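Student: Output the structure for:
(2 chains)
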Amino acid sequence: MSDINFIPEPEEPIPSLSVSNNQGILQWISSVDHKQIGIMYLWLSVLFLVIAGIEILLVRLQLAIPNNHFLAPEVYNQLFTMHGTTMIFFVAMPAIFGFTTYLVPLMIGANDMAFPRLNAFSFWTTFFGGSLLYFSFLAGGAPDAGWFNYAPLNEYNYSSSPGIDYYCSGLLFAGIGTLTASVNFIVTILHYRVLPMSLKQLPLFVWMILINSFLVLAAFPSLNAALAMLLLDRQLHAHFFSAAGGGSAILWQHLFWLFGHPEVYIVILPIFGIFSEVFPVFSRKPIFGYGMVVGSGVAIALLAFGVWIHHMFATGLGNTVNSFFAASSLLIGIPTGVKIFNWLATMHGGAIRFSVSMLFAIAFLIEFTIGGLSGISFAIVPIDWQLTDTYYVVAHLHFVFIGGTLFGLLSGLFYWFPKMSGRLPDPRLSKWFFWLFVAGFNITFLVQHALGAMGMPRRVYTYPDLPGWGILNLISTIGAFLMAGSVGLLVFILVRAIKKGAVASPDAWDANTLEWTTSSPPGLKNFDRVIPVKSTRPFRDYKRPEDADWNRPEGARKHEGKYIPQNNPHGK
Amino acid sequence: MENKLMVKLVVGTEAMFFLALIMAYIYFSLLPGFTSRQADHLDIRSTAIFSAFLFSSSFTFWRAETNFKKGKMTRLKGWLLLTLALGLVFLVGQGTEYARLLKENVSISSSLFGTSFFTLTGFHGLHVLVGLVVISIVTTLTFMGDYDRSSSSVFGTVGIYWHFVDIVWLFVFSIVYVLPHLHKITT
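Tutor: Next up, the predicted model:
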């Protein structure tokens, strides 16, 4: 039996991509190491970002001028559906899970996840789900009923190509991967913290992941049930969502948004966690109101299940229902606002370093607030009736998904890239990327608010030459290409940094948390020993024992917001 | 400990899944014509009998677990085999019920009742099947002597899942069979 090729133990923390020996790509495929799986999640996300980006560039080309016939309507429907579905399930989610898988064990002083093989299973299931979704292009047509896939358009009679069957099965697989990963995160966080670390000393990113994982466990089953029902409808002629068979089209909307609204918070809570790490480090101050950040995160998670009807105001559920959900939707703005003030107060009086990571964090505060305000306007039922299914919605959701989620991911990327790769990205090019991307983003989506207010419906493949529509759409298309160009620049920056970037020190930003105490990139075994944890900033305590958080007099601890900046510890 | 927590979380998310299915069932059952069809086709007596088998399998598995903790391996094997048999009887019972309904032309595509009935009970049956597969693996390993000296958490974790499947059936049975039956008696 000597010819059995056992997979040998990895020798390098980041294996190469070689196929000729067993220390290359074979190590990646067979890996159960949380750091390698995290990196694979991130590259999966970049791959799908490029694919979904190309899809939307084609869509924007079609919309660049009125009465355009560059794309056929059927193709157009497939492209925008795949764009939305991919961006949410195979770009935002894998990117968040990549950071989580990579960082959670490091931040809590553990050497791996609680269930390393389950971790690999989660990644490969997600990967398989994405591949299955894209296989639909070869199998006779991609899904074409929008990312939220409303009944009855998703039924066989209206969409007879197999695309929606692949939508269901692909998302089911990805959903299972997401659920198993979340189970893994919770067990890891609750059982694998380094011994003295209490929940009150958990880094805020880890806190947000803990809350978020419970949110996933509660929200995804609703989507999975809806997808299973839809598959039964399409394959075995069940009648869940077909009004002709006595079923209910609105049941799909309930099940989908019962998942879909929490999903919006699932892709933003971890981002709040990232910013709660980035702001203190680059402001050289502790986070303002640690407890409030955690508490408002819990509040958001709970409220997330009480607002889903605001996606359905136009379906006519009656004034009582609409008023209730309008009120609850306005309510959810409060804990989010609390967090914004936490970060503003963290910056206040701090010694701010404008690294690219911090630049994205500051830009986030502005862009996300714009997205939040347009979101609040939707909670007002009459405004929603006027603007629903117009480009105003498109503008709103991109301001929160890009200005919120993606800015956070990029901020996190520039913050942790030196840790993950051991290299520093070119600072000048990175700043170019930041400004180009932010400019492109605002050019693309600010004008869409106006388009929506002027009444341009979303998801139409072309439009008549009404006053102002042509020029605003052209501006939007130009902005989209600017964004695409800057994403190309980002990929170039990353690949170049990995190949020949300046070597980063283990503690590249003079940071506070445990992941920076290991080498960059961390070795195969994360820690030989972990420094003592006595506060939320263990590494800072270790580096500045005379000014340690846990050693502060009680009076100073009570006025956390008035901490003196790190570069001026004696306030002189 | 972490294994138990993992199963509890899995069971929690599964509970949400069944909640969605049950809510859909209740939603449809409020539509006119649903309840009468339901009462016409379902035979609460035979289902109650094979449900009793499933409920008692929870008891036998609990006995298996206690005997494992005490290290009484012979008794453990006996209770495990009994659990498997009881679970199997439930599945056979469900199978015969399905066969009878299909003969009466009630299928997943025949009506809204068929759609929601087969989906809800089918997903539950699938969970019973998965449980039986897991328990038969555990039983095989027990007979091979894998657990003779270890302090394995496997019986505790499988137990959480198996009791959960039982509790789900308690709800499904009440909502699908008992409530319409009571409704029929009172009107």
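Student: and the nearest residue to A:P335 once chain neighbours are set aside, how many residues sit next to it?
Tutor: Once flanking residues are discounted, A:P335 sits nearest to A:S296: 3.7 Å by Cβ to Cβ, 6 or more residues apart in numbering or on different chains. C-beta here means a position set from N, CA and C on the backbone, and glycine is covered the same way. Residues lying near A:S296 (other Cβ atoms under 10 Å in any protein chain shown) number 21.
Student: Confirm for me that A:S296 is in contact with A:V338.
Tutor: Yes. The criterion here is Cβ atoms under 8 Å, and A:S296 meets it with A:V338 at 4.4 Å.
Student: tell me the contacts of the closest residue to B:S107 other than its chain neighbours?
Tutor: Take B:S107 and drop its neighbours on the chain: the residue closest to it by Cβ to Cβ, 6+ apart is B:G114, 5.3 Å away. By Cβ atoms under 8 Å, 6 or more residues apart in numbering or on different chains, B:G114 lies in contact with A:238, B:101, B:106-108.
Student: Of all the residues in the helix or strand hosting B:G114, which ones are buried?
Tutor: Element membership for B:G114 (DSSP states H and E) is helix B:112-143. Neighbour-count burial for helix B:112-143 flags B:112-125, B:127-128, B:131-132, B:135-136, B:138-139, B:142 (criterion: 16 or more other Cβ atoms under 10 Å in any protein chain shown).
Student: Please apply the same query to stretch A:368-383.
Tutor: Buried-residue list, stretch A:368-383, by 16+ other Cβ under 10 Å: A:368-372, A:374-376, A:378-381.
Student: What confidence value was assigned to A:H570?
Tutor: Note for A:H570: predicted pLDDT of 49.
Student: Need the contact partners of stretch A:337-349.
Tutor: Taking Cβ under 8 Å, 6+ apart as the rule, stretch A:337-349 contacts A:272, A:275-276, A:279-280, A:283, A:285-289, A:292-293, A:296-297, A:361-362, A:365, A:368-369, A:372, A:561, A:565.
Student: Please list only the buried members of the residues you listed.
Tutor: A:272, A:275-276, A:279-280, A:283, A:285-289, A:292-293, A:296-297, A:361-362, A:365, A:368-369, A:372.
Student: Just those residues: which are in strands?
Tutor: Of the buried ones among the contacts of stretch A:337-349, none are assigned to strands by DSSP state E.
Student: Report pLDDT for A:F378.
Tutor: pLDDT, A:F378: 89.
Student: now check the helix or strand where A:A225 lies, is it near chain B?
Tutor: If you go by DSSP H and E, A:A225 is part of helix A:204-236. Yes. Contact of helix A:204-236 with chain B (Cβ under 8 Å from any Cβ of the partner chain) involves A:217-218, A:220-222, A:224-226, A:228-229, A:232, A:236.
Student: Of those - the most surrounded one?
Tutor: A:A226 (29 neighbours).
Student: Distance of that one relative to A:L365?
Tutor: 35 Å (Cβ to Cβ, to the nearest Å).
Student: Nearest residue to A:T180 in space, ignoring adjacent ones along the chain?
Tutor: Spatially, and ignoring its direct neighbours in sequence, A:T180 is nearest to A:S122 (4.6 Å; Cβ to Cβ, 6+ apart).
Student: Nearest residue to residue 183 in space, please, no chain neighbours.
Tutor: Since you didn't name a chain, this refers to chain A. Nearest one to A:V183, counting by Cβ to Cβ, 6+ apart, is B:L9 at 4.6 Å.
Student: my bad, chain B
Tutor: Closest residue to B:H183 apart from its sequence neighbours, by Cβ to Cβ, 6+ apart: B:T35 at 6.3 Å.
Student: Can you report how many residues lie near that neighbour?
Tutor: 17.
Student: what residues are up against it?
Tutor: Contacts here follow Cβ under 8 Å, 6+ apart; on that basis B:T35 touches B:29, B:180, B:183.
Student: Residues of chain B that sit close to chain A?
Tutor: Contact residues (Cβ under 8 Å from any Cβ) of chain B with chain A: B:1-2, B:5-6, B:9-10, B:12-14, B:16-17, B:19-21, B:24, B:27-28, B:31, B:108-109, B:111-112, B:114-116, B:118-119, B:123.
Student: Could I get the CA-only coordinates of stretch A:161-178 as PDB?
Tutor: The C-alpha trace of stretch A:161-178 is given here as PDB (Å, rounded to 0.1, in the frame of the first residue of the first chain):
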ATOM      1  CA  SER A 161     -35.200  27.900 -18.100                       C
ATOM      2  CA  PRO A 162     -33.500  25.900 -15.400                       C
ATOM      3  CA  GLY A 163     -31.800  29.100 -14.100                       C
ATOM      4  CA  ILE A 164     -34.000  29.400 -11.000                       C
ATOM      5  CA  ASP A 165     -33.500  25.800 -10.100                       C
ATOM      6  CA  TYR A 166     -29.800  26.500 -10.000                       C
ATOM      7  CA  TYR A 167     -30.500  29.700  -8.000                       C
ATOM      8  CA  CYS A 168     -32.300  27.500  -5.400                       C
ATOM      9  CA  SER A 169     -29.800  24.700  -5.200                       C
ATOM     10  CA  GLY A 170     -26.700  27.000  -5.300                       C
ATOM     11  CA  LEU A 171     -28.100  29.200  -2.500                       C
ATOM     12  CA  LEU A 172     -29.100  26.100  -0.500                       C
ATOM     13  CA  PHE A 173     -25.500  24.800  -0.600                       C
ATOM     14  CA  ALA A 174     -24.100  28.200   0.200                       C
ATOM     15  CA  GLY A 175     -26.700  28.600   3.000                       C
ATOM     16  CA  ILE A 176     -25.600  25.300   4.500                       C
ATOM     17  CA  GLY A 177     -22.000  26.400   4.400                       C
ATOM     18  CA  THR A 178     -22.900  29.700   6.000                       C
END
